[in-house]
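Asker: Below is the sequence, then the predicted model.
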Amino acid sequence: MSLKQNVPMTARHMAATRRRFGLPYSAVLFTCFTLTDTAFAHEQQGVPGGLVSGFLHPLTGLDHLAAMVAVGLWGAQLGAPAIWILPITFPLVMAVGGVLGVLGIALPMPEVVIALSALVLGGAVAARLRLPFAIAAVVVGIFAIFHGHAHGTELPQSANPLAYGVGFVVATGLLHLCGITLGTLSRLPAGGRLIQGLGASIAALGCYFLVHSLTGSP
Amino acid sequence: MRQLLSRVGLIPAILLIAPHCADAHIVASRLGDFYAGALHPLTDLQDDVLWTALGLLAGSLGAAHGRWLVLVIPAGLLLGLSVGLSFGSTWIGPLANPGMMVLLGVLLALGLRINVVALCAVALVLALMRGIVNAEGVGAATDKVLFGAGLALCGYAVITLITALTLTFRKPDAQPSRTWRDIAIRACGSWIAAIGLMVGGFALAS
């Protein structure tokens, strides 16, 4: 290993700068010190911390993300009234589940049902399943309660509960919007097949999470 | 020559990489308490969410409804501030704000067309509540008149702007009654109600 590789990056850069521009070390160091900014030991505290953790919770959990997009896709496939009732009612039903989670009321096998939601909703999109609206609403509503419950259990640990709620509700709504927007591709000649393919991928993902949650493997 | 230019240009170039804001008017002097009053609600997420919800509701009901809030909100905020200064704000229960979020959110989500009196009553209760809570920002050395003026002006500006933006977004005269724009506003209402439910649940649990 050469001596050059052992020298830290900053020192190497300073040396290169000095050689190139003929500046003394002191001038480069002085310039660097004038550009210092405040160091934050805990950046994600309070409102920003709550917003970020709430917003990222549905996005970083692949099971949540897949199921939310599948809800939007299925709504777009079902058409009116599902496509406009869905984004209005889903957050409310999910919040009821969230309240149960906050209050510490346990639901049976939440991880299994969340995995099942991706499998069932993805399967419905893949098969272009056209259930009566009332039945579709009940199916989606049950899954919404379980997803909300999972988010709700995280809320008391967040830096700011209100900011966490704002973040997670907005992220969930945007995921639905993403699904609905993707669902409008079905108007294109090959769009219908593409969406069914997406549904099948979500169902496969749900299948994986279901096996994972049933076997309890890491 | 080229080497000289490089030497001279290096340090200003590095300094320009990290520009900072130049504060021409330091808010802590002269009208500082006015700015404190105006900024205090904007830095509280409860105010932000509730005022947005009320502005959306007023805008979704139309200009004839919304223009009454131009008077009701500043008056309610000032009244609430004076009540808060006299009696404190600890007696406002933890469920008041989440409850108001749920009420406004559900009204928006259902698309209910409430009349002007009901809208003004809801707006007055909200402004009173938030005026009382914002009184916590008044310290012993704070100029109460300037703080109140800032708070009232901020309430007026925010509600008027959100109402106007909602009215412009809806385009009520150019579209049929149920458009994606109306649905988007109703979905926002649903989100606000959901947030209120969650926060209310947390308040009950803690």
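Answerer: Received it, and whenever you're ready, just let me know what you need. Numbers count the residues shown, from 1 in each chain, chains lettered A, B, ... in the order given.
Asker: send the alpha carbons of whichever helix or strand residue B:128 is part of over as CSV?
Answerer: Residue B:128 is part of helix B:116-134 when elements are defined by DSSP states H and E. Presented in CSV, the C-alpha positions along helix B:116-134 are these (Å, rounded to 0.1, in the frame of the first residue of the first chain):
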residue,chain,number,x,y,z
VAL,B,116,-72.8,31.1,7.2
VAL,B,117,-73.9,31.2,10.9
ALA,B,118,-72.6,27.7,11.6
LEU,B,119,-69.3,28.4,9.8
CYS,B,120,-68.8,31.6,11.7
ALA,B,121,-69.6,29.9,15.0
VAL,B,122,-67.0,27.2,14.3
ALA,B,123,-64.5,29.8,13.2
LEU,B,124,-65.1,31.9,16.4
VAL,B,125,-64.7,28.9,18.7
LEU,B,126,-61.5,27.9,16.9
ALA,B,127,-60.1,31.5,17.0
LEU,B,128,-60.9,31.8,20.7
MET,B,129,-59.2,28.5,21.4
ARG,B,130,-56.1,29.4,19.5
GLY,B,131,-56.0,32.9,20.9
ILE,B,132,-56.0,31.5,24.4
VAL,B,133,-53.3,29.0,23.6
ASN,B,134,-51.1,31.7,21.8
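Asker: roughly how far apart are residue A:210 and residue A:115?
Answerer: As judged by C-beta to C-beta, to the nearest Å, residue A:210 and residue A:115 stand 4 Å apart. C-betas here are computed from N, CA, C, even on glycine.
Asker: out of the two, which sits in the busier spot?
Answerer: Legend: neighbour count by other C-beta atoms under 10 Å in any protein chain shown for residue A:210 and residue A:115, higher for residue A:115 (25 against 20).
Asker: Which pLDDT value belongs to residue B:176?
Answerer: You'll see residue B:176 listed with a pLDDT of 52.
Asker: before we move on, the earlier item: what about the following helix or strand past the helix holding residue B:128, near chain A?
Answerer: Sequence order places helix B:144-170 as the next helix or strand after helix B:116-134, per DSSP H and E. No: judged by C-beta under 8 Å from any C-beta of the partner chain, helix B:144-170 stays clear of chain A, getting no closer than 15.1 Å.
Asker: which helices and strands sit right next to whatever helix or strand comes next after helix B:144-170?
Answerer: Sequence-wise, the next helix or strand downstream of helix B:144-170 (DSSP H and E) is helix B:180-205. The helices and strands touching helix B:180-205, judged by 3 or more C-beta pairs under 8 Å, 6 or more residues apart in numbering or on different chains; DSSP states H and E, are helix A:82-102, helix A:161-183, helix B:45-61, helix B:96-110, helix B:144-170.
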